[in-house]
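Enquirer: What follows is a predicted structure for the sequence shown.
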Amino acid sequence: QAEATRSAVTQRLLVVEDELDIAELLRRVFSKEGFQVDVAHNGLSALETLRREAPDLVILDWMLPELSGIEVLKEMRARPETRMVPVILLTARREEIDRVLGLELGADDYVTKPFSSRELVLRIRGLLKRGERPIDPKEGALRLGPIEIHAADHRAIVSGRVLTLTLTEFRLLEDLVRAKGRVRTRETLLAEVWGYDSEVLSRTVDTHVRRLRSKLGD
């Protein structure tokens, strides 16, 4: 626990939440866990914060005044500076189609309200842990058929075409390429790509695999 806290000291989270009590609760919880925490209470101020400096991870409420969380997410995924920043979507929407929409638009995961602060912290640590895998500078590109994976700078190339991937999509593709045809269960992918040990809805994996397939093409 102490080691995990030390590693999180320099990691910065952006909490985007219009309900002041929830925003303050999350700020206190994450600060106690050793994170640096910025808070925005609407979509426009969130984008202003993101333009100044990209955080390590964003906790983004769906329903926001002035500009919805979905619009903020679209803007993040359209900008090179924030395209790879992990996003956990907070939503009171419980219909599966709504949650899938958030994943389809580029969220790395979602948490429904009311939520457990401890579970949210575990998910944050799992997503941040993916970016901490040591990269050997001598490691060359991974190749499998027409696919090239350049881990050092998070580039994926298919038949000479550079793919525009989120960090989760990149890690998912990298894991599958390294597996070289071995079957990867949903549980294995959740542990290796998302960093989750607890059970998470398989729809998270399914949706990201579908997005990845569409970007890979034929």
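Expert: Alright, I've got the coordinates.
Enquirer: all strands in the protein, in order from the N-terminus.
Expert: Here the chain has its strands, by DSSP state E, at 12-16, 36-40, 57-61, 87-91, 109-112, 142-144, 147-150, 155-158, 161-162.
Enquirer: Looking at those, spot the one closest to Arg77.
Expert: strand 87-91 (8.5 Å; CB to CB). Where C-beta positions appear, they are placed from N, C-alpha and C, glycine not excepted.
Enquirer: At the geometric centre of the protein, which residue sits there?
Expert: Pro86 (2.6 Å; CA atoms, centre = their mean).
Enquirer: these two touch, right, that one and Arg171?
Expert: No - contact between Pro86 and Arg171 fails when scored by CB atoms under 8 Å: they sit 10.0 Å apart.
Enquirer: circling back to that earlier point, same list (the strands of the chain) but as JSON lines, adding mean neighbour count.
Expert: As requested, the strands of the chain are exported to JSON lines (neighbours: other CB atoms under 10 Å):
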{"stretch": "strand 12-16", "mean neighbour count": "23"}
{"stretch": "strand 36-40", "mean neighbour count": "19"}
{"stretch": "strand 57-61", "mean neighbour count": "25"}
{"stretch": "strand 87-91", "mean neighbour count": "24"}
{"stretch": "strand 109-112", "mean neighbour count": "20"}
{"stretch": "strand 142-144", "mean neighbour count": "14"}
{"stretch": "strand 147-150", "mean neighbour count": "18"}
{"stretch": "strand 155-158", "mean neighbour count": "17"}
{"stretch": "strand 161-162", "mean neighbour count": "12"}
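Enquirer: quick revisit: next one: the residue nearest to the centre of the chain from Glu71, what distance?
Expert: 18 Å (CB to CB, to the nearest Å).
Enquirer: which ones are touching the residue nearest to the centre of the chain?
Expert: 56-58, 108, 127-128, 130, 167-168 (CB atoms under 8 Å, 6 or more residues apart in numbering).
Enquirer: Now do the helices in this structure.
Expert: 2-7, 20-32, 43-52, 69-78, 96-104, 117-129, 167-179, 186-189, 203-216 (DSSP state H).
Enquirer: got the contact list for the longest one?
Expert: Helix 203-216 is contacted from outside by 96, 99-100, 103-104, 109-110, 147, 158, 163-165, 168-169, 172-173, 186, 189-190, 194, using CB under 8 Å, 6+ apart.
Enquirer: Now do it, average pLDDT.
Expert: The average pLDDT within helix 203-216 is 88.
Enquirer: can you check stretch 109-118 too?
Expert: 87.
Enquirer: tell me how far the ends of it are from each other?
Expert: 16 Å (CA to CA, to the nearest Å).
Enquirer: likewise stretch 144-153?
Expert: 18 Å.
Enquirer: Can you give the distance of it from its chain's centre?
Expert: How far stretch 144-153 lies from its chain's middle: 20 Å, per CA atoms, centre = their mean, to the nearest Å.
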